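# Take this sequence and fold it.
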Amino acid sequence: MKKLTTIFYTILILLFIAACADTTDNTVESSNDEVIIPIEPRIKYIDGEINDLLASIRSESQKFAINSSDDTFLVGENGTLISIPKGTFLNDRNQTVQGEIKIELIEAINISDFVLNGLQTTSDRSVLKSGGMIFIDATQNNEPLKIDPNKQITIDFKTDWVDPKMQLFIGDLFEGSVNWIKSGKLESDYLISVPLDLLEFGICGWECAFTEDQISEMKKSEFQDTYISTREFEQRMCELAFLTCEQYNPLIDNILKIYKDNIKRNLSYADSMVVKHFEEIYGDIIDSNYIKDVFHFDEKGWITGMYMNYLALAKQGLSKPLSVNGIDWNSNISRVELEKKGYSEKDIDKIISYKNSRNRVMQELKDEAVIRKIASYNFNINELGWINIDAFLDDPTCKESDFEVVISSKDSINTISVSLVIPSRKVSVFSITNHGNTYSFTKNKEGYRKLPINERAFIVAIGVNKGVPFFGMKEIKIPRNGTIQLNIKQTEKDIIEREIKEISKTKTI
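Below you'll find the model as predicted:
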């Protein structure tokens with residue numbers, strides 16, 4: 001009997017183990033049924049012999065390694081700031097990725113960068129003027145990742161001037177060219193406030209200058225964390241320096257009062273009030289045509305110039321610094337503390353991003369060796385790949401043009417790429433049609449036809465024949481019609497690189 005009981009319990013134990021084994025197997029089988037949606041690798045460049053040549057002379061992309069569990073702040077070689085919240089990336093199973101992630105960054109800041117990266121500035125045949133381009137990618141174990149739909153990467157892109165017409169475009173590299181697809185408006189949620197003592201309100205001095213009392217008044221503690229404590233307002237103080245001369249009293253004090261009285265509003269509102277004040281005081285002498293072709297160094301010229309500058313500043317539509325109740329930007333801010341205070345994950349991401357950007361700006365202001373580049377485009381992205389800050393080239397001064405370029409060479413060349421580059425507009429377009437050795441940038445019934453006539457530009461031709469590079473470049477004034485001859489010849493790679501980089505040194509209007 002005892003033996004039978006032992007056998008009975010042994011069978012029960014075996015059945016239990018078998019049942020557990022079956023359960024485990026079912027779980028594994030279930031996990032194998034997970035929906036996998038492949039993530040297409042992002043395309044950086046247009047494949048071909050031309051790209052192979054350019055790859056050997058352009059700068060390598062920047063590489064970063066980050067931890068997915070940490071909030072990350074990256075700084076590009078050209079000053080691009082990238083804020084990546086923890087848990088931003090997903091794999092092809094829609095799972096939040098853990099561990100190390102590789103980030104790749106390309107900053108195409110100037111017109112030469114566009115040419116060296118094989119990029120053009122067009123959207124469905126329409127010409128774009130660019131504020132700059134970047135490529136950003138994320139991978140783990142060489143597998144592409146994507147951004148969680150509930151997350152965003154914040155980017156601060158340095159520029160010389162904020163153009164209110166700029167929009168965000170996503171790059172589509174297809175069939176041998178890049179087409180930029182409009183993604184949305186380029187809107188900044190906030191300006192970055194810094195300690196007032198880091199700002200130099202008296203940095204610009206004409207024949208006259210702000211008094212110590214005026215500067216002290218604008219640096220009162222009540223203006224900390226308002227638009228007055230920003231680089232953008234420092235720029236406005238520089239613009240206003242001319243009005244500090246005695247003959248413009250009390251104009252300068254009235255303008256400063258406008259800014260002080262409206263600190264709870266957006267900076268763009270105060271800018272527009274200053275424009276209105278100019279119109280009320282100097283409406284009879286403001287004349288945009290007076291300085292259209294040449295600046296006149298008299299009162300009418302100076303006041304008109306000041307007015308036009310302020311009109312442009314008001315159109316930038318700048319907001320105000322981020323304000324969050326209970327947050328002291330000068331203190332240490334951690335995600336854990338913010339979670340304890342009840343902030344949502346979306347708000348925490350934004351606060352951490354702002355704090356990181358603020359720290360970087362403060363560091364730059366303290367570093368006298370760093371050029372004070374005030375302007376920047378601040379935006380959020382939810383897609384990886386090429387991103388372009390652009391505006392359509394709809395300048396009323398542009399006219400229809402159908403000139404052609406004839407390429408000649410004593411050698412046979414397998415592949416040729418011909419571009420029209422306009423440095424002052426940051427425009428670079430490939431030829432739209434070619435017949436034999438004749439290339440056109442506008443000769444297409446449904447293509448772009450209007451260009452800034454008589455503006456300085458370059459025709460850039462790059463060729464390859466069995467790995468041997470060929471090059472030709474010619475400076476032109478954009479004509480309405482006619483033919484331009486360009487000879488292309490075998491050229492050393494370092495010379496090609498140097499010639500292309502010279503384009504960015506061209507003075508712009």
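# For burial, what's the neighbour tally of the nearest residue to residue 110 once chain neighbours are set aside?
Spatially, and ignoring its direct neighbours in sequence, residue 110 is nearest to residue 504 (4.1 Å; CB to CB, 6 or more residues apart in numbering). In this view, the C-beta of every residue, glycine as well, is placed from N, C-alpha and C. Other residues within reach of residue 504, judged by other CB atoms under 10 Å, total 17.
# so what's the nearest residue to residue 483 once chain neighbours are set aside scoring on pLDDT?
In space, and not counting its chain neighbours, residue 483 is closest to residue 404: 5.3 Å by CB to CB, 6+ apart. pLDDT, residue 404: 94.
# Need the phi and psi values for residue 404.
phi -130, psi 160 (degrees, to the nearest 10).
# Count the residues that sit near it.
Using other CB under 10 Å, residue 404 has 18 neighbouring residues.
# Quick check: beta-bridge partners of it?
For residue 404, the beta-bridge partners under DSSP bridges are residue 440, residue 483.
# start to end distance for stretch 51-71?
35 Å (CA to CA, to the nearest Å).
# before we move on, what SS does residue 359 have?
helix (DSSP: H, G, I helix; E, B strand; the rest coil).
# what's near enough to touch it?
Contacts for residue 359 (CB atoms under 8 Å, 6 or more residues apart in numbering) come out as none.
# pLDDT at it, what is it?
Residue 359 is given a pLDDT of 93.
# Against residue 320, how distant is it?
19 Å (CB to CB, to the nearest Å).
# Name the SS class of residue 217, please.
helix.
# and it, what is it in contact with?
Residue 217 makes contact with 256, 260, according to CB under 8 Å, 6+ apart.
# Output the one helix or strand residue 280 maps to as PDB, nothing but the C-alphas.
Secondary structure assignment for residue 280, by DSSP states H and E: helix 267-282. Taking Å, rounded to 0.1, in the frame of the first residue of the first chain, the C-alpha atoms of helix 267-282 are listed here in PDB:
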ATOM      1  CA  LEU A 267       7.900  89.300 -27.100                       C
ATOM      2  CA  SER A 268       6.300  89.600 -30.600                       C
ATOM      3  CA  TYR A 269       3.400  91.600 -29.100                       C
ATOM      4  CA  ALA A 270       5.900  94.200 -27.500                       C
ATOM      5  CA  ASP A 271       7.800  94.300 -30.800                       C
ATOM      6  CA  SER A 272       4.600  95.100 -32.700                       C
ATOM      7  CA  MET A 273       3.800  97.900 -30.100                       C
ATOM      8  CA  VAL A 274       7.300  99.400 -30.800                       C
ATOM      9  CA  VAL A 275       6.600  99.300 -34.500                       C
ATOM     10  CA  LYS A 276       3.300 101.100 -33.900                       C
ATOM     11  CA  HIS A 277       5.100 103.700 -31.800                       C
ATOM     12  CA  PHE A 278       7.600 104.400 -34.600                       C
ATOM     13  CA  GLU A 279       4.700 104.900 -37.000                       C
ATOM     14  CA  GLU A 280       3.000 107.300 -34.700                       C
ATOM     15  CA  ILE A 281       6.100 109.400 -34.100                       C
ATOM     16  CA  TYR A 282       7.900 109.200 -37.500                       C
END
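# what does it rub up against?
191, 227, 230, 232-233, 236, 251, 254-255, 258-259, 262, 286, 303, 306-307, 310-311, 313-314, 316-320.
# So which of these sit within helices?
Judged by DSSP state H, the subset of the contacts of helix 267-282 located in helices is 232-233, 236, 251, 254-255, 258-259, 303, 306-307, 310-311, 313-314.
# biggest separation within these, which pair?
Across those, no pair lies farther apart than 232 and 303, at 22.6 Å, counting by CB to CB.
# quick revisit: so the residue nearest to residue 110 touches residue 424, yeah?
No - with contacts counted by CB atoms under 8 Å, residue 504 stays clear of residue 424, the gap being 11.4 Å.
# lowest confidence element among the helices and strands of this protein?
For the chain, counting by mean pLDDT, DSSP states H and E, helix 2-32 ranks last in confidence among helices and strands (a mean of 41).
# now the following helix or strand past that one: mean pLDDT?
For helix 2-32, the following helix or strand on the C-terminal side (DSSP H and E) is helix 49-55. Helix 49-55 shows a mean pLDDT of 95.
# what packs against the following helix or strand past helix 49-55?
Going down the chain from helix 49-55, the next helix or strand is strand 62-67, by DSSP H and E. In terms of contacts (3 or more CB pairs under 8 Å, 6 or more residues apart in numbering; DSSP states H and E), strand 62-67 is packed against strand 72-75, strand 100-108.
# These into JSON lines, with extra columns for mean neighbour count, mean pLDDT and distance to residue 116?
Shown next, in JSON lines, are the helices and strands packed on strand 62-67 (neighbours: other CB atoms under 10 Å; pLDDT from 0 to 100; distance: least, CB to CB, whole Å):
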{"stretch": "strand 72-75", "mean neighbour count": "18", "mean pLDDT": "96", "distance to residue 116": "22"}
{"stretch": "strand 100-108", "mean neighbour count": "19", "mean pLDDT": "97", "distance to residue 116": "8"}
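# Tell me which of those lies nearest to residue 48.
Minimum separation from residue 48 across these (CB to CB) falls at strand 100-108, 18.2 Å.
# who does that closest one pair up with?
strand 62-67 (antiparallel), strand 126-140 (antiparallel).
# which one of the ones you listed lies closest to residue 82?
strand 126-140 (7.0 Å).
# Give me the buried positions along the closest one.
The neighbour-count check on strand 126-140 (16 or more other CB atoms under 10 Å) flags 127-140 as buried.
# what about the residue nearest the centre of the chain, which helix or strand?
For the chain, residue 157 is the residue whose C-alpha lies nearest the centre (CA atoms, centre = their mean; 4.2 Å). Element membership of residue 157, judged by DSSP H and E, is strand 153-158.
# Give the pairing partners of that strand; include direction for each.
Counting by DSSP bridges, strand 153-158 is paired with strand 81-84 (antiparallel), strand 376-381 (antiparallel).
# rewinding a little: now a ChimeraX select for only the buried ones of the ones in helices among the contacts of helix 267-282.
Command for ChimeraX, covering only those of the ones in helices among the contacts of helix 267-282 found buried under the criterion 16+ other CB under 10 Å:
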select :232,233,236,251,255,258,259,303,306,307,310,311,313,314
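# circling back: how close does the residue nearest to the centre of the chain sit to residue 78?
9 Å.
# Number of residues surrounding the spatially closest residue to residue 385 that is not a sequence neighbour?
Among residues not flanking residue 385 along the chain, residue 42 sits closest, at 4.4 Å (CB to CB, 6+ apart). Counted with other CB under 10 Å, the neighbours of residue 42 add up to 19.
# ok, now which ones touch residue 42?
Residue 42 touches 135, 137, 144, 384-386, counting by CB under 8 Å, 6+ apart.
# repeat for residue 186
Shown in contact with residue 186 (CB under 8 Å, 6+ apart): 166-168, 377, 379, 389.
# One more: residue 164?
So residue 164 contacts 315-317 (CB under 8 Å, 6+ apart).
# Tell me how far it lies from residue 131.
In terms of CB to CB, residue 164 sits 11 Å off from residue 131.
# Also residue 462?
25 Å.
# How about residue 178?
16 Å.
# What of residue 506?
For residue 506, the distance to residue 131 - CB to CB - is 17 Å.
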